[in-house]
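Enquirer: Structure of the sequence below:
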Amino acid sequence: MDRRTQKTRQAIRNAYAALLLDHHASRITVTALAREANIDRKTFYLHYDTIEDVVRDYHAQILLKMMDYLEAAGFFENRPDISCFFTACNRLIGEEMAFFQYTAQYGEDAVQWQEDTAELVRMIAERYEESVTVRPEVLEVYIRLLIAGSKEIYSDWLRGRLKFDIEELGRIATDAAFEGFSAIMR
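Expert: Numbering: from 1, shown residues only. Here you go, the predicted model:
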């Protein structure tokens, strides 16, 4: 994909994220997206067929960013450090706050969440498949638990139900993932 195409698609995705908090996702129109992205409708249709295509592309880019941030945090080096996972989550949420605030406030499409989770599990499992001692389906359980728990705590944080700063939340989540309840029991 050439640079101009990438730039236009990024502008459309950015427009989608910007419009999320002002509008319910189902009310975002091609006209509104084009206006926010500073393009015309015809240009939109050169890149996407529907708003749903933008949503799928946006979600795919979020997953790729997460993998990049996991890599940058050192999550895939030797023995994984769970704190690297939460460092990556914090960075992604910080950069994509509008998207995550919207999904926490309005809930996300359950089917899209399942697809995103399955894809992220696949991507992470693929990176670890040669370096673990468990069957692939067992590895998937570990990864799914980490992702599902993370989604819940970050969603509650974004809704204002957890009164920590995001770094402290990451530290608490890391401790819980590493130590479990045994670390906090008398």
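Enquirer: can you pull the buried residues of the helix or strand of the chain with the lowest mean pLDDT?
Expert: Using mean pLDDT, DSSP states H and E, helix 97-106 stands out as the lowest-scoring helix or strand of the chain, at a mean of 84. Counting neighbours by 16 or more other Cβ atoms under 10 Å, one finds that the buried residues in helix 97-106 are 98-100, 102-104. All C-beta spots, glycine's among them, are computed from the backbone N, C-alpha and C.
Enquirer: ok, for the most centrally placed residue in the chain, nearest residue in space, not its chain neighbours?
Expert: In the chain, the residue lying closest to the centroid (Cα atoms, centre = their mean) is residue 62, at 4.9 Å. Excluding its sequence neighbours, the residue lying closest to residue 62 (Cβ to Cβ, 6 or more residues apart in numbering) is residue 96, at 6.4 Å.
Enquirer: count of neighbours near residue 113?
Expert: Look at residue 113: counted by other Cβ atoms under 10 Å, it has 15 neighbours.
Enquirer: if I pick it, what's in contact with it?
Expert: residue 151 (Cβ atoms under 8 Å, 6 or more residues apart in numbering).
Enquirer: Going along the chain, name the helices of the chain.
Expert: In the chain, the helices defined using DSSP state H lie at 3-20, 30-37, 41-47, 51-73, 82-95, 97-106, 110-128, 136-158, 166-179.
Enquirer: looking at those, which is buried most?
Expert: The highest average neighbour count among the helices of the chain, using mean count of other Cβ atoms under 10 Å, belongs to helix 82-95 at a mean of 19.
Enquirer: which other helices and strands contact it?
Expert: Judged by 3 or more Cβ pairs under 8 Å, 6 or more residues apart in numbering; DSSP states H and E, helix 82-95 is in contact with helix 51-73, helix 136-158, helix 166-179.
Enquirer: 6 Å - rerun?
Expert: Here helix 82-95 touches helix 51-73, helix 166-179, going by 3 or more Cβ pairs under 6 Å, 6 or more residues apart in numbering; DSSP states H and E.
Enquirer: Adding mean pLDDT and distance to residue 111, write those helices out as JSON lines.
Expert: Below are the helices and strands packed on helix 82-95 laid out as JSON lines (pLDDT from 0 to 100; distance: least, Cβ to Cβ, whole Å):
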{"stretch": "helix 51-73", "mean pLDDT": "94", "distance to residue 111": "11"}
{"stretch": "helix 166-179", "mean pLDDT": "90", "distance to residue 111": "26"}
